[in-house]
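Asker: Just the structure for this:
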Amino acid sequence: APSGSATPAPSGSATPSASASPSGTAGPKVTPSASGGQGGMAPAPSASPSASAPASPSAAAPSPSASGEPVPQSVEEQRKAVEQKVGAAAWAAANGLSAPADLTADPSLAEKLKPFAALDPREVAVLPAQMQFNVPQISCAQLDKRPPASISAPDQQVVACEDGAAKYLLDQAKVLGTDVDDANAVLDQTSQWVVSLDFSGAGQDKWTGLTREAFNNEGQACDATALGQDGKCRVAVVLDNEIVSSPEIQGVLTGESQITGNFTQKDASTLAGQLRYGALPVTFEEQESQNVTATLGASHLRAGLLAAGIGMALVIIYSFFYYRLLGSVIFLSLVLSALLVFGALVVLGRQIGFTLTLAGIAGMIVSLGVAADSFVIYFERLKDEIREGRSPRSAVPRAWIRARRTIISANAITLMSAVVLYVVSVGAVKGFAFALGLATVLDLVVVFLFRHPIMTMFARTRAFLSPRVSGLGRALPARTAEQAKPRNPRVKEA
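Answerer: Numbers count the residues shown, from 1 in each chain. You can find the predicted model right below:
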């Protein structure tokens, strides 16, 4: 029997409806035992959970090579490569095992099978299930790290581990992840957390048949190691090459079922999620992995902050060049926005452990462009108002009224994009989206509480009326030239 589980309890139980079982944790296992032994996953690659029961070693084929299952040519070639790596003697010894090797009875066998311990997970994955199970040198560490979709065919015998400690030979999958309609963590009548299972129409029939086979131990197909505390067969739920749960079947379940055990809310929710979302027929395989040391991470962070500083400096220089006095408004707004962002990061870091990453810095650099766009919209609208004949003092509030709707719309679109990215993405992209959204919200605060009031104040100064100083360019000269034209006096007769 497997050694103690690291999850809620060593074994769980699947019971009809709300009945509770005192046995330990559960991982919903879906197939009691089966003849001919085979365990597997759903037809979809390894992301779909399937249920299978430990198969009796005696029911298995006497040797791995004797299996009647067709083997793809590519897998056969990989097996030959593994055979050459471990050597003919080790391969012959493993091929001759009909049950897990008893190294105490034949100490020389341990030396013969020793080369199997040096195989990597990819090489272990191509071995026949009987060989994976019978060779003790093939460990759970190797089995758990097999490539995604190593357990994918529901009609084949497989080997999987539970909690990285116990290795099981599993029967073919009688119930697949796609047969599960829903799974939820709920409180039963005794206020204990359980996992409630609902199956699709066809899935319910499969589940009922599976629980009948496990509860009655038909044909004694359940090996002794697959029996639970009450002497009933346990079934295994396999997800991503591992057994996530193995409850003991407490009865023939014809309707809603529950997996009971010493669950906490977190344990029950995790298991329910594995059952509910494991039905998705997708597989993910890691393409690239990189470890960054603390020193390298700090240098990257400094480089990112430097890039942000350079970006802000370029925006400010261009603003003073193009808008002159109005450039000071841009400068003060960006400085205030940067201080608000920094303060927000400090608070978030202390409250929720938020960490600024390179992706987050990239989001803030992008937000500089969003902030600059709002300046351009406002200032160009101001020029339009002055060209239409209004004085700068009256043009400022009118330009604000006409520009703020566009500014709000532009920032709202950026904010929605950041929210969508944050919700649907993971990792670095999520950090980018969070920083972009935070900077955008703070930019709106600065626009309403700082930029418009300071522009109203500038409109009352003498420098604001000078084209060379204000940065309004050609908008003011046309106005002042018109004002400078002498008016013809009207002389009335006395």
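
Asker: Check which helix or strand the closest residue to residue 307 other than its chain neighbours maps to.
Answerer: By the measure of C-beta to C-beta, 6 or more residues apart in numbering, the closest residue to residue 307 outside its immediate chain neighbours is residue 365, 6.5 Å from it. C-betas here are computed from N, CA, C, even on glycine. Using DSSP states H and E, residue 365 sits in helix 358-387.

Asker: Which strands or helices does the helix or strand just after that helix pack on?
Answerer: Proceeding N to C from helix 358-387, the next assigned helix or strand is helix 392-424, under DSSP H and E. Contact here means 3 or more C-beta pairs under 8 Å, 6 or more residues apart in numbering; DSSP states H and E; on that basis helix 392-424 packs against helix 358-387, helix 427-446, helix 452-458.

Asker: coming back round to it: buried residues of the helix holding residue 365, list them for me.
Answerer: For helix 358-387, burial by neighbour count (16 or more other C-beta atoms under 10 Å) applies to 358-368, 370-375, 377-379, 381-386.

Asker: so for that helix, what's the average pLDDT?
Answerer: The predicted model assigns helix 358-387 a mean pLDDT of 77.

Asker: mind checking the end-to-end distance for stretch 120-132?
Answerer: Distance between the two ends of stretch 120-132: 13 Å, counting by C-alpha to C-alpha, to the nearest Å.

Asker: Any buried residues in it, and which?
Answerer: Burial within stretch 120-132, assessed by neighbour count using 16+ other C-beta under 10 Å, is assigned to 123, 124, 125, 126, 127, 128, 129, 130, 131, 132.

Asker: hang on, the fifth one packs against residue 82?
Answerer: Spelled out, it's residue 127. Yes. In terms of C-beta atoms under 8 Å, residue 127 counts as a neighbour of residue 82; the distance is 6.6 Å.

Asker: For the chain, name the helix or strand with the lowest mean pLDDT.
Answerer: The helix or strand of the chain with the lowest confidence, counting by mean pLDDT, DSSP states H and E, is helix 475-484 at a mean of 49.

Asker: Could I get the CA-only coordinates of stretch 361-371 as CSV?
Answerer: C-alpha atoms of stretch 361-371 as CSV (Å, rounded to 0.1, in the frame of the first residue of the first chain):
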residue,chain,number,x,y,z
ILE,A,361,8.7,48.7,-15.6
ALA,A,362,7.9,48.1,-19.3
GLY,A,363,4.2,48.8,-18.4
MET,A,364,5.1,52.1,-16.8
ILE,A,365,7.3,53.1,-19.7
VAL,A,366,4.3,52.5,-22.0
SER,A,367,2.1,54.5,-19.7
LEU,A,368,4.4,57.5,-20.3
GLY,A,369,3.1,57.5,-23.9
VAL,A,370,-0.5,57.4,-22.7
ALA,A,371,0.1,60.4,-20.4
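
Asker: From the chain's centroid, how far away is it?
Answerer: Stretch 361-371 sits 25 Å away from the centroid of its parent chain (C-alpha atoms, centre = their mean, to the nearest Å).

Asker: And the contacts of it?
Answerer: 301, 304-305, 307-308, 311-312, 315, 333-334, 337, 341, 410-411, 414, 418, 431-437, 439-440, 443, 446 (C-beta atoms under 8 Å, 6 or more residues apart in numbering).

Asker: Kindly report the same for stretch 110-128.
Answerer: For stretch 110-128, using C-beta under 8 Å, 6+ apart, the contacting residues are 64-65, 67, 75, 78-79, 81-82, 85-87, 89-90, 93-94, 101, 103, 132, 135-139, 142-147, 150.

Asker: which of the residues you listed count as buried?
Answerer: 64, 67, 78-79, 82, 86, 90, 93-94, 101, 132, 135-139, 142-144, 146, 150.

Asker: Let me know how buried the residue nearest to residue 257 when sequence neighbours are not counted is, in neighbour terms.
Answerer: What sits nearest to residue 257 in space, not counting adjacent residues and going by C-beta to C-beta, 6+ apart, is residue 197, at 4.5 Å. Residues lying near residue 197 (other C-beta atoms under 10 Å) number 25.

Asker: wait, is residue 197 part of a strand?
Answerer: Yes. Assessed with DSSP: H, G, I helix; E, B strand; the rest coil, residue 197 lies in a strand.
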